[in-house]
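Chemist: how would this look folded up:
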Amino acid sequence: MLQNRIHLHLLSDSTGETLENIAKAALAQFDEVDVVKHFWPMVRSEAHLDRILVDVAANPGLVLFTLVNLAMRQKLEDRCRALGLPAVAALDAVSDALSGILGQQAKARPGRQHALDAAYFARVEAIQFTIAHDDGLNHHNWEEADILLAGVSRTSKTPTSIYLANRGYKTANIPLVPESPPPAALYSLKHPFVVGLVTGVDRLVQVRRNRLLTLNQAPDTDYVDEEKVKAEIAYARRIFADNGWPVIDVTRRSIEESAAAIINLYNERQQQDAVLKGDDA
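Modeler: Residues are numbered from 1 along each chain as shown. Model (predicted):
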């Protein structure tokens, strides 16, 4: 009989957030697994490690760790070997590859990857900015955005914006409504990278109809009329074409896939701008 119940020991010398995400991503590849998780963050002393090893011996399973202290790593690996248990250093393969390419050794500093550095605070700022600039709000300072998403209602602008913000991009978004044209500021932006979001008519009608049902509103309105929806999408596409904005079709994309496509386009534009600036110099 296959073993579907495992003990998973996660040891980290920092918060353990990275380790948990790795474990979660790996476990998602397996069905019906009963995982008993033993989570051990901030492991920075041998005394702490000794207490953990008692639990590992009592509950044998997979040991996944991110410990940079060599003595503690060696002790953990030796004990797991004696118990006949697998011990996997989650970041070693990536660190080794980077070390080979960069020609330098990784700095063994506990928690270094979780340091509250400028990138962390930039991400927090991006999230705050994005929330304050959802659904066309505060258009007077759209120039401060990195990315601006435009599209008709229910084309995943808000969730995609939040995802981008969590990646550190200040993101604003605006709905394009034929009866209520966007502010003129949208067409004179210099800094933000503007991307249009579109989706298929059938999918959009379905999403909107479900939205109305959850709000206990009448399901038969212009909001879900197929011809009206076609006209809305055509209106948005004309705006995108007139302004030369790239367009992402989100019909068959998840939020993560849409965001990845937007980031790729954004990076390409950044590279083009850098080349142009170099030529000007």
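Chemist: buried residues in the host helix or strand of residue 47?
Modeler: Under the criterion of DSSP states H and E, residue 47 resides in helix 46-58. Going by neighbour count (16 or more other C-beta atoms under 10 Å), the buried part of helix 46-58 is 49, 52, 53, 56. In this view, the C-beta of every residue, glycine as well, is placed from N, C-alpha and C.
Chemist: and whichever helix or strand comes after that helix, how far out from the chain middle?
Modeler: Next helix or strand after helix 46-58 toward the C-terminus (DSSP H and E): strand 62-66. Chain-centre distance of strand 62-66: 24 Å, with C-alpha atoms, centre = their mean, to the nearest Å.
Chemist: likewise for stretch 51-69?
Modeler: Per C-alpha atoms, centre = their mean, the centroid offset for stretch 51-69 relative to its chain is 29 Å.
Chemist: please apply the same query to stretch 197-207.
Modeler: Worked out by C-alpha atoms, centre = their mean, stretch 197-207 lies 23 Å from the chain centre.
Chemist: of the buried residues of helix 46-58, closest to residue 238?
Modeler: The closest of those to residue 238 turns out to be residue 52 (C-beta to C-beta; 62.2 Å).
Chemist: quick one, what contacts the closest one?
Modeler: Listed by C-beta atoms under 8 Å, 6 or more residues apart in numbering, the contact set of residue 52 reads 9, 11, 40, 43.
Chemist: would you put the C-alpha positions of the helix holding residue 47 in CSV?
Modeler: What follows is helix 46-58, C-alpha atoms only, in CSV (Å, rounded to 0.1, in the frame of the first residue of the first chain):
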residue,chain,number,x,y,z
GLU,A,46,22.7,24.1,18.3
ALA,A,47,20.6,23.8,21.4
HIS,A,48,17.5,24.7,19.3
LEU,A,49,18.6,22.2,16.7
ASP,A,50,19.0,19.5,19.3
ARG,A,51,15.4,19.9,20.4
ILE,A,52,14.3,19.7,16.8
LEU,A,53,16.2,16.5,16.2
VAL,A,54,14.4,14.8,19.0
ASP,A,55,11.1,15.5,17.2
VAL,A,56,12.6,14.4,13.9
ALA,A,57,13.6,11.1,15.4
ALA,A,58,10.1,10.7,17.0
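Chemist: chain center to that helix, what's the gap?
Modeler: Its chain's C-alpha centre lies 34 Å from the corresponding centre of helix 46-58 when counted by C-alpha atoms, centre = their mean.
Chemist: for stretch 65-72, same thing?
Modeler: From the chain centre to the centre of stretch 65-72 is a distance of 28 Å (C-alpha atoms, centre = their mean).
Chemist: which other residues reach it?
Modeler: Counting by C-beta under 8 Å, 6+ apart, 9-14, 16, 18-19, 43-44, 46, 49, 73, 76, 87-91, 106, 108-110, 112 sit against stretch 65-72.
Chemist: give me the subset of these lying in helices.
Modeler: The helices, defined by DSSP state H, take in 18, 19, 46, 49, 73, 76 from those.
Chemist: what's the spacing between the last one and residue 99?
Modeler: Pointing back at residue 76 there. 21 Å (C-beta to C-beta, to the nearest Å).
Chemist: compare the two (neighbour count), which wins?
Modeler: residue 76 (23 against 12; other C-beta atoms under 10 Å).
Chemist: distance of that one from residue 63?
Modeler: Taking C-beta to C-beta, one finds residue 76 at 7 Å from residue 63.
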